[in-house]
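Asks: structure for the following, please:
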Amino acid sequence: MNYNKEILENSEIKYVVEADSSAWQNAIREAYNKTKHKFNIEGFRKGKAPMSVITRMYGVGVFFDDALDIILQSLYTELLDKETDLVPVARPNVDIVAISDSELKVAFTVTVTPEFTLGEYKDLKLKKVSSKVTDEMVAEEIAKAQEKAGAWENVTDRACEKFDTVVIDYSGSVDGVKFEGGTAEKQNLELGSGMFIPGFEEQVEGMKIGEEKDIKVKFPEEYGAENLAGKDAVFAIKLHEIKKKVLPEVNDEFAKDVSEFDTVEEYKKDIKAKLKKTAEEKANREMENALLDKIAENTEIKIPDAMIEEQIEEMIQEFEYRIAYQGMKPEDYYKYTNSSRDELRLRYNEQAQKQVKMRLVMDAIIKAENIKAEESEIEAKIADFAKGANKSVEEFKKTMHPEQARYIENDIITNKMIDFLMANNKFA
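Replies: Got it, this is the predicted structure:
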């Protein structure tokens, strides 16, 4: 294989590769063996016509597409083996320069990491994010625990109120005609929850057990069912039960019931400690992100379109995988949301640019500071994973995929880089 190299603009390198004649002819022969069953030549059983007969009838070009499929990947792999310093950051663009039964020249246009000057990334001054925990925050957590531990009790001596749960029958109609989905019996409804259309729950408030009445409501203009959107409706209501939630008193007994502690004071201290830890972790993440954003802002990079397109495609594939995992086909999602893959591409464009730039900046810092993962650090991380999988280190290593090993190394390097940046910049 012979090739020549041309440096283009926008971080692209063009390689014009000439395949060895024998390799190209072998690919054509392989393409013939792969596709000969498709040809029905008079005088020959199907799939038995010699290659020379088929090429006389259709021309040798009939095999070129399949032969290209066979040889292009091996040509590109061989090129990468020869160009040891070449690190593509996206799939190459491929153009056919010359093609015949004895000659193949292909142009691979390869996108590489753009050259840029890393902006200031040390001795920056940023605002410190507070991790303060207040008594009100502790009280909110206790209130959640009260709500969770509360019990529903039947109410018989008053009308229903907001935040009660009622059991009702209802039957809805528009212009005197009942509509599908508008009728139910013994339906639980928490008043004030906003689960029903506007005005419904408010008109149920004040009803007593056994009471029946009609309430009038208007469906929202943007309601999901087109036949009901914007329509006036009447619901016939009958109320069967009223329930209120009784919350436990916050005392030592409550603390024992909802936690591992014997007293409210111990319980509150534990809540505060956990909130403090969460707040500190959140504040650290926010400061780390703010610092990386600032460094990226300080750095000018002309990002190749191919890198952005590659990132967008990765994001779309991840999104489509998530919705498929939830049981919905991507094409159905686009249909139901009246959107398209192209619209999603546009929506992801800005985010993709930011992610690509951030990755380039982080890689540049790692290179500038010669940040590496020591063997002892990798082994310690593997030991943690093995422990989590309830395996010995040796057993875990046997099941490790190369991608998992790279992830462990990259994770260590990234964390060391973040630690380095946090230690070399000021937050006040």
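Asks: for E249, give me the backbone phi and psi.
Replies: Taking degrees, to the nearest 10, you get phi -70, psi 140 for the backbone angles of E249.
Asks: next secondary structure after the helix or strand where K245 lies?
Replies: According to DSSP states H and E, K245 maps onto strand 232-246. Counting by DSSP H and E, the element after strand 232-246 in chain order, helix or strand, is helix 252-258.
Asks: and the next helix or strand after that next one, what does it pack against?
Replies: Following helix 252-258 in sequence order, the next helix or strand is helix 264-297 (DSSP H and E). Here helix 264-297 is seen to pack against strand 125-126, helix 135-149, helix 252-258, helix 341-368, helix 402-423 when contacts are counted using 3 or more Cβ pairs under 8 Å, 6 or more residues apart in numbering; DSSP states H and E. For every residue, glycine as well, the C-beta is placed using N, CA and C.
Asks: what sits up against the shortest one?
Replies: Outside strand 125-126, the residues that touch it by Cβ atoms under 8 Å, 6 or more residues apart in numbering are 287, 290-291, 294, 425-428.
Asks: return a PyMOL selection command for the buried portion of those.
Replies: With 16 or more other Cβ atoms under 10 Å as the criterion, this PyMOL line picks the buried residues out of the contacts of strand 125-126:
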select buried, resi 287+290+291+294+425
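Asks: can you tell me how far A324 is from L346?
Replies: The spacing between A324 and L346, counted by Cβ to Cβ, to the nearest Å, is 22 Å.
Asks: again with F196
Replies: Separation of F196 from L346 (Cβ to Cβ) stands at 37 Å.
Asks: circling back to that earlier point, okay, A324 and L346: which has more neighbours?
Replies: Neighbours per residue, other Cβ atoms under 10 Å: of A324 and L346, the larger number sits with A324, 13 against 10.
Asks: so the more buried one sits in a helix?
Replies: Yes. According to DSSP: H, G, I helix; E, B strand; the rest coil, A324 belongs to a helix.
Asks: contact partners for the closest residue to it other than its chain neighbours?
Replies: Nearest residue to A324, sequence neighbours excluded (Cβ to Cβ, 6 or more residues apart in numbering): P330, at 6.6 Å. P330 makes contact with 320, 323-324, 341 under the criterion Cβ under 8 Å, 6+ apart.
Asks: ok, now with 10 Å
Replies: Residues near P330 by Cβ atoms under 10 Å, 6 or more residues apart in numbering: 316-317, 319-321, 323-324, 341, 344.
Asks: same check on K272?
Replies: Applying Cβ under 10 Å, 6+ apart to K272 gives the contacts 133-135, 137-138, 141.
Asks: hmm, try it at 6 Å
Replies: Applying Cβ atoms under 6 Å, 6 or more residues apart in numbering, we find K272 in contact with 133, 138.
Asks: same deal with the one 4 residues further on?
Replies: Under the criterion of Cβ under 6 Å, 6+ apart, the contact list for K276 reads V133.
Asks: roughly how far does it sit from I54?
Replies: 77 Å.
Asks: likewise for P92?
Replies: Relative to I54, P92 is positioned 31 Å away (Cβ to Cβ).
Asks: before we move on, the earlier item: what subset of the contacts of P330 is buried?
Replies: Counted by 16+ other Cβ under 10 Å, those give 316, 320, 344 as buried.
Asks: so the nearest residue to the last one once chain neighbours are set aside: helix, strand or coil?
Replies: So the one you mean is L344. Once flanking residues are discounted, L344 sits nearest to I316: 5.6 Å by Cβ to Cβ, 6+ apart. Under three-state DSSP, I316 falls in the helix class.
Asks: mind pulling up the pLDDT for I316?
Replies: The model reports I316 with a pLDDT of 95.
Asks: can you tell me the closest non-neighbouring residue to E120?
Replies: Leaving aside its chain neighbours, E120 sits nearest to N298 (5.0 Å; criterion: Cβ to Cβ, 6+ apart).
Asks: and that neighbour, how close does it get to V361?
Replies: The span separating N298 from V361 equals 9 Å under the rule Cβ to Cβ.
Asks: the more surrounded of the two?
Replies: Between N298 and V361, counted using other Cβ under 10 Å, V361 has the larger neighbour count: 22 against 13.
Asks: residues contacting that one?
Replies: V361 touches 295-296, 299, counting by Cβ under 6 Å, 6+ apart.
Asks: one more time with 10 Å, if that's ok
Replies: V361 touches 116, 118-119, 121, 292-293, 295-299, 301, counting by Cβ under 10 Å, 6+ apart.
Asks: would you list those in CSV and tack on distance to K46 and pLDDT?
Replies: Converted to CSV, those look like this (distance: Cβ to Cβ, whole Å; pLDDT from 0 to 100):
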residue, distance to K46, pLDDT
F116, 59, 94
L118, 64, 94
G119, 66, 94
Y121, 67, 96
L292, 63, 96
D293, 64, 95
I295, 65, 96
A296, 62, 96
E297, 66, 95
N298, 68, 94
T299, 63, 96
I301, 57, 94
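Asks: how about the residues you listed, which pair is most distant?
Replies: For the contacts of V361, the farthest-apart pair by Cβ to Cβ is F116 and D293; their separation is 16.8 Å.
Asks: flag the shaky bits of this protein, pLDDT-wise.
Replies: Under the criterion pLDDT under 70, no range of the chain is flagged.
Asks: 90 instead?
Replies: For the chain, the stretches with pLDDT under 90 are 1, 9-10, 37-48, 60, 87, 89-90, 181, 221-227, 335-338, 398-403.
Asks: measure R406 to N370 for me?
Replies: For R406 relative to N370 (Cβ to Cβ), the value is 19 Å.
Asks: the two - which one has more neighbours?
Replies: Set side by side, R406 and N370 show more neighbours around R406, with 10 against 6, by other Cβ under 10 Å.
Asks: the more buried one and M400, how far apart?
Replies: Distance from R406 to M400, by Cβ to Cβ: 10 Å.
Asks: check V204 too.
Replies: 60 Å.
Asks: could you check which of the two is surrounded by more residues?
Replies: More neighbours surround V204 than the other of V204 and M400, with 23 against 14 (other Cβ under 10 Å).
Asks: coming back round to it: now the common contact residues for N298 and V361.
Replies: Both N298 and V361 are contacted by 118-119, 121, under the criterion Cβ under 10 Å, 6+ apart.
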